Structures are given as C-alpha cells and as structure tokens.
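Participant: Predicted model, plus sequence, below.
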Amino acid sequence: MNDTENPYDRPSKSQRKRDVHALQDLGTALVELNAAQLAEFDLPERLVQAITEAQRIHNFEGRRRQMQFIGKLMRDIEPAPIRSRLDILRGVARESVTIQHQIERWRERLLAEEDALTLFADEYPQTDLQRLRSLISSVKRDRENARPPKKYRELFRALRIAIDATAPTDPDSDPDPDPDSES
C-alpha cells in the first residue's frame, strides 16, 4: 500500500460528528425564525412540522430531543441553500437595525440641536420640514409637561418615511436605470 493513499474511504468519526452538530446548529437557526421567514425556505413538510413543534416546546429535555430530531431530518437535505438564505435574512436584519439606529440618532439630534433640522433637510431634501418642525416642538412640549411619548414615536415614524424615501434602490429591481439610453 502506498503511503500517499488514504486508507479510509469515508470521513472520520470526528468529522461526521462535526457535520451532525453543524446540521443541528442550522436547525436551531431555523427554529429561531418566525412563521413568515420560515415560509420563505423550500423545506420538506416533515421538517417544517418538526420546526414548528420545537418552537412550541419549552421543556429543556424535550426541546433538546426535538432539536436532535431536526438535525436528523436535516441530513436528508442540502444545507447550502438554507445557509445562504439565512445569511441573507441576517444581513437584512442587520441593515434594518442600522437604519433604525440612524433614525434614532437623527431624532435625538433634532431634539437637542438647533441647526439639526437644516442638516437633515440638506441630507433628505424631499422631507416635509413644516411637519418635522411641528413634531419637534410637540415632543419638546410633551417632555416639559410629562406627557406620554406619542409625538416622540410619531417623529420617529416621520423620520423613517423621509429616510426610506431616499434609500438607494436595488439596481436589480430597475430594468432600465438610465432613461436616456435607447434599447
């Protein structure tokens, strides 16, 4: 027997265990999704049922066993498309959180700084400045009078609309990005 040949024709036991744990981790990630997100995946019905059952189980040992079962079911499907779809979902979630933090920072700046509205208008020119001025003064009055933060939340929504309106569009969504070009 040649020294360069592999005497084993299959993965080691350790490698198989790592693969099984990776599939269980993938199953755990699927269990953490809500129903709408889970529906976006092309999963076998039996796996979807096992995932929804795991979401209902709160007993530690029962959930652990259900997760092992999900890992077992995951062995029969190709994990790469699921991993890539999960990465996309996580990216969308991170982007959403980033935008939310940006809106919160603008809201605090608008309430704290006098010239912040001008800066906001420069960055987001389509914004209804009169409405924002009104909301900012309403929030300040509500804070002075210790009222509930209704206008504070309304200001957040108005800022979200303004920022979302100027968000860059997906280049894949517009089939003809240059209107002057001829087909």
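Facilitator: Arrived safely.
Participant: where does this protein dip in pLDDT?
Facilitator: 1-8, 167-183 (pLDDT under 70).
Participant: could you pull out the helices for it?
Facilitator: 13-31, 35-39, 45-56, 60-74, 79-112, 116-123, 129-144, 150-165 (DSSP state H).
Participant: Show me what the first one is packed up against.
Facilitator: Put plainly, it is helix 13-31. Helices and strands touching helix 13-31, by 3 or more Cβ pairs under 8 Å, 6 or more residues apart in numbering; DSSP states H and E, are helix 45-56, helix 60-74, helix 79-112. Bear in mind the C-beta positions are built from the backbone N, C-alpha and C, glycine included.
Participant: Could you export the ones you listed as a markdown table, including mean neighbour count and distance to Glu123?
Facilitator: Formatted as a markdown table, the helices and strands packed on helix 13-31 follow (neighbours: other Cβ atoms under 10 Å; distance: least, Cβ to Cβ, whole Å):
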| stretch | mean neighbour count | distance to Glu123 |
| --- | --- | --- |
| helix 45-56 | 16 | 41 |
| helix 60-74 | 16 | 46 |
| helix 79-112 | 13 | 9 |
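Participant: so what's the residue nearest to Arg75 when sequence neighbours are not counted up against?
Facilitator: Spatially, and ignoring its direct neighbours in sequence, Arg75 is nearest to Leu23 (6.2 Å; Cβ to Cβ, 6 or more residues apart in numbering). Listed by Cβ atoms under 8 Å, 6 or more residues apart in numbering, the contact set of Leu23 reads Gly71, Met74, Arg75, Pro79.
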